[in-house]
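> Just need the structure, nothing else, for what follows:
(chains A and B)
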Amino acid sequence: MSALKKITLTETEIVLALQSKDPAVLKTLYSMYSSALYGVISRIITHTELAEDVLQETFVKIWQSASHYDNTKGRLFTWMMNIARNLSIDKLRSKDFKNSQKNQDIENNVSFVDEQNKVTFNPDTLGVKQLVNNLKPDLQVVLNLVYYNGFTHVEAAEKLNLPLGTVKTRIRLAIIELRRSFN
Amino acid sequence: MENLRAYIESGVLELYVLGDLSAEETLQVEEIASRYQEVRDEIASIEQAMEQYALNNAVEPPIDVEQKLFDKLGLNIYEEVFETADNYINEPKIVRLDGSDGKVKTLRYALVACVALLVISVAALFVTYNKLSDANTQIASLNLDKQKFAGVVSQLEYDNKGLSNIAEMAESKEWATIRMQGQPISPNSKMNVYWNKKDKSVLINHLAMDLPKADAEHEYQLWALVNGKPVSLGVFGKSDSTAKDAIIKMQSIQEAQAFAVTLEPMGGSVNPTMEKLTVMGGV
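Numbering: from 1, shown residues only, chains lettered A, B, ... in the order given. Got it, this is the predicted structure:
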């Protein structure tokens, strides 16, 4: 199916088209970033249907508030990712989600405990398993909590019983590690 | 600048990129970033790392989500949107305009070519038609010529036959040639009669006669004078080529002292009209 074909445009082209409400660019944007955003969303929200809903809501919001995006303040993807993360976290805290997740609290905790014990196995992250394992475990835990579990650094500090400064530093170190490995 | 270093290393920029700062803190970061290139660079690096990280951790969403999204946004013309998306990709190469226009242009050229071809065809047809009618005219005139020549040829054949007959009869001992001379009404006329001595048959030859042309109501009648009495040997037609044969066989006569030709009414007469005696000759 040709719809699966990956289309790439430069960020400036996308932003211009997006702000002029060209429906074609939404298609392109979806083609380029839906999987990356779904990767973020589906790790925060494990419930598939809800994750799909959030993905859809994310693109609706991108489409509707494109005029608010200011490229001097950051990359388009950062903006989109934060929309996705915020919508995911909102969903996670909504009544809607709590109803559907009633039986899964323990699972979340198990996953959390697993991470603590370095035996995480999430099939969705198979592609980066190597990369993530290269991070020191304490860095990885913090990064995953904030990046994938939708925790704020304050919540993460509480969860891990660490000083706020330490959490911040670990996040920074984790990202520096990532930067190093991507370059 | 030491403060800047410390600021960058504090981890606040990472939290900024992760969207984990309060509105107030966010504004503060943006304010500092607008002042220091190092901060902007640092933010850009963090953003790139996070983007890479997200792309490397990508999960393909179910296919139907896209359709649902476009339905929800009222962009129902999914196929069209997709086509436009394709066109959008091609836009930098200005393929879209050329692509759609090219077809029309091609069609336009084709149309012009067709019209030109039609005009040429009509012109060619017209020229051909003119040539054809010329040719038809020529054929008609040639046909006329042919008929004329055929007439001439048959006339010549006719003449030839008569002439060779005369020659044969002149050589033969069997045939007597009686030369008849013009009489007062037509002094210049002359005519030969051939009389076979053996079987007494009588022949005349259109080519061996020079008589005035008879009108429609009259024809010539040949007579033999036997012991002073005229005996009809039959009539013969006009002295022209309308006769089928040059040689005409007349009635036989056993004996005759002379031969004569008179002009008589159609069908001939019982007795010769002496006033119309045209030629006469003795044996």
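> make it CA atoms for all contacts and neighbour counts henceforth
Noted.
> in the stretch 51-200 of chain B, which spans are helices?
Using DSSP state H, counting those that start in this stretch, the helices of the stretch 51-200 of chain B run over residues B:64-72, B:78-90, B:95-171.
> Now mean neighbour count, distance to chain A and mean pLDDT too, for the ones you listed, in CSV please.
Compiled in CSV, those are given as follows (neighbours: other CA atoms under 10 Å in any protein chain shown; distance: least, CA to the nearest CA, whole Å; pLDDT from 0 to 100):
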stretch, mean neighbour count, distance to chain A, mean pLDDT
helix B:64-72, 16, 6, 83
helix B:78-90, 17, 4, 51
helix B:95-171, 13, 14, 86
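> what's the closest of the ones you listed to B:V29?
helix B:64-72 (34.1 Å; CA to CA).
> could I have that closest one exported to PDB, CA atoms only?
Extracted C-alpha coordinates of helix B:64-72, given in PDB (Å, rounded to 0.1, in the frame of the first residue of the first chain):
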ATOM      1  CA  ASP B  64      -6.700   2.700  10.100                       C
ATOM      2  CA  VAL B  65      -5.700   5.400  12.600                       C
ATOM      3  CA  GLU B  66      -4.700   7.700   9.700                       C
ATOM      4  CA  GLN B  67      -8.000   7.300   8.000                       C
ATOM      5  CA  LYS B  68      -9.900   8.000  11.200                       C
ATOM      6  CA  LEU B  69      -7.800  11.100  11.800                       C
ATOM      7  CA  PHE B  70      -8.600  12.500   8.300                       C
ATOM      8  CA  ASP B  71     -12.200  11.600   8.800                       C
ATOM      9  CA  LYS B  72     -12.300  13.400  12.100                       C
END
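> that older thread, possible to save the helices of the stretch 51-200 of chain B as a markdown table with distance to A:S35?
Shown next, in a markdown table, are the helices of the stretch 51-200 of chain B (distance: least, CA to CA, whole Å):
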| stretch | distance to A:S35 |
| --- | --- |
| helix B:64-72 | 11 |
| helix B:78-90 | 18 |
| helix B:95-171 | 28 |
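> Say whether chain B is contacted by stretch A:31-41.
Yes - shown here: stretch A:31-41 in contact with chain B (CA under 8 Å from any CA of the partner chain) through A:Y33, A:S34, A:S35, A:A36, A:L37, A:Y38, A:G39, A:V40.
> right, and the helix or strand after the longest helix seen in chain A?
For chain A, the helix with the greatest residue count under DSSP state H is helix A:23-44. Following helix A:23-44 in sequence order, the next helix or strand is helix A:48-64 (DSSP states H and E).
> Give me the contacts around that next one.
A:18, A:21, A:26, A:30, A:34, A:37-38, A:41-42, A:45, A:80, A:83-84, A:87-88, A:91, A:97, B:61-62, B:65-66, B:68-69, B:73 (CA atoms under 8 Å, 6 or more residues apart in numbering or on different chains).
> Quick one: buried ones out of these?
Buried members of the contacts of helix A:48-64, counted by 16 or more other CA atoms under 10 Å in any protein chain shown: A:18, A:26, A:30, A:34, A:37-38, A:41-42, A:45, A:80, A:83-84, A:87-88, A:91, B:61, B:66, B:69.
> low-scoring stretches of the stretch 151-283 of chain B, by residue?
Applying pLDDT under 70 to the stretch 151-283 of chain B flags the ranges B:238-245.
> and if we set it to 50?
Along the stretch 151-283 of chain B, segments meeting pLDDT under 50 span B:239, B:241.
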